[in-house]
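Engineer: I would like to see how this sequence folds:
(2 chains)
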Amino acid sequence: MAPGNRPLSPHLQVYRPQITSLLSILHRITGVALVGGALIFTYWISSATYGPEVFAQAQSILGSWFGRLVLLGMTFALYYHLANGIRHMAWDVGWGYEMPKLRLTGWLVVLFSGGMTVLTFAAAYVVAGAK
Amino acid sequence: MMEFRSSLGRVRGLGNSKEGGIGHWWAERLAAVALVPLTLWFVYSAVLMTGADAAQFKAWVGAYGNPVLLILFTIAVYHHGQMALTVIIEDYVHHEAANLIALVLVKLGAFFCATYTIFCIVRLTFGG
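Structural biologist: Prediction:
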């Protein structure tokens, strides 16, 4: 068969979605999203070098309803990618491939990232309220 | 026809990553290990900077230890991100020219963003 014409696998559409495959692609999706997060980080840091007004503008953009929504997504993506990244490291050293362990660690990652996102945002609101 | 090349020699470089897949795999994970504590520290710090003004922000960036942690965080983030995007491009962008252009843009873009961010951190630390 011609090199450019070979069948590609996996054929995602023939598989029923399950926790393992969903969390796997979510790792990539959150990773790509976090590249956007890195650019927001650079924007945030660099804005302060252009003077107090520009930094205040950046803070108000990030603090607007849209900015908060984006940061909420980024916070979840970050905790998810962090926790699932540790899950990946466990696999890299050969631990946790059995199905019960895969499901358990998968759900732990989801619970951790959801819970930590809520806690982090609650903490940010407390800090904002104290200022 | 006689074949003088070893089996390994014939398949080497045929994978998606061409050469150096193992080195890439290892470097991406090394940055990931560094990012675990750095990210937790950064999120904690960023939460404390909610609603901060420029003076408070500058004081935080320049506080003892913070510039070094911020620079390490910047390097680890862009290094890890750039390597991860490389793998994703190798997986999904099959058109040869588009693949090459995407890889060059990602690598140079990450290099630029990391350098610029580090410059800003240094500038905020030493004033100006």
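Engineer: From here on, just use CA atoms for contacts and neighbour counts.
Structural biologist: Will do.
Engineer: mind listing what A:P52 touches?
Structural biologist: B:D53, B:A54, B:A55 (CA atoms under 8 Å, 6 or more residues apart in numbering or on different chains).
Engineer: For A:L71, give its distance to A:G129.
Structural biologist: 18 Å (CA to CA, to the nearest Å).
Engineer: How about the residues of chain A by chain B?
Structural biologist: By CA under 8 Å from any CA of the partner chain, the residues of chain A that approach chain B are A:31-32, A:35, A:38-39, A:42, A:45-46, A:48-49, A:51-52, A:55-56, A:59, A:63, A:82, A:85, A:89, A:120, A:123-124, A:127-128, A:131.
Engineer: try 7 Å this time
Structural biologist: Counting by CA under 7 Å from any CA of the partner chain, chain A comes close to chain B at A:35, A:42, A:45-46, A:48-49, A:52, A:55-56, A:59, A:82, A:123-124, A:127-128.
Engineer: Now do the buried residues in the host helix or strand of B:F111.
Structural biologist: Assigned by DSSP states H and E, B:F111 belongs to helix B:96-125. When burial is assessed from 16 or more other CA atoms under 10 Å in any protein chain shown, helix B:96-125 yields the following buried residues: B:99, B:102-103, B:106-107, B:110, B:113-118, B:120-125.
Engineer: contacting residues for the most centrally placed residue in chain A?
Structural biologist: Closest residue to the average C-alpha location of chain A: A:A77 at 1.5 Å, with CA atoms, centre = their mean. Under the criterion of CA atoms under 7 Å, 6 or more residues apart in numbering or on different chains, the neighbours of A:A77 are A:T30, A:L34.
Engineer: The residue lying closest to B:L48 once chain neighbours are set aside: what secondary structure?
Structural biologist: Distances taken as CA to CA, 6 or more residues apart in numbering or on different chains place A:V127 nearest to B:L48, at 6.3 Å, with adjacent residues excluded. Classification of A:V127 by DSSP: H, G, I helix; E, B strand; the rest coil places it in helix.
Engineer: try A:G94
Structural biologist: Secondary structure, three-state DSSP: A:G94 is coil.
Engineer: Looking at stretch A:43-62 now, give me its mean pLDDT.
Structural biologist: Stretch A:43-62 comes out with an average pLDDT of 97.
Engineer: For it, list every residue counted as buried.
Structural biologist: Residues of stretch A:43-62 classed as buried by neighbour count (16+ other CA under 10 Å): A:44-49, A:52, A:54-56, A:58-59, A:62.
Engineer: Of the residues you listed, which belong to helices?
Structural biologist: Among the buried residues of stretch A:43-62, the ones falling in helices (DSSP state H) are A:W44, A:I45, A:S46, A:S47, A:P52, A:V54, A:F55, A:A56, A:A58, A:Q59, A:L62.
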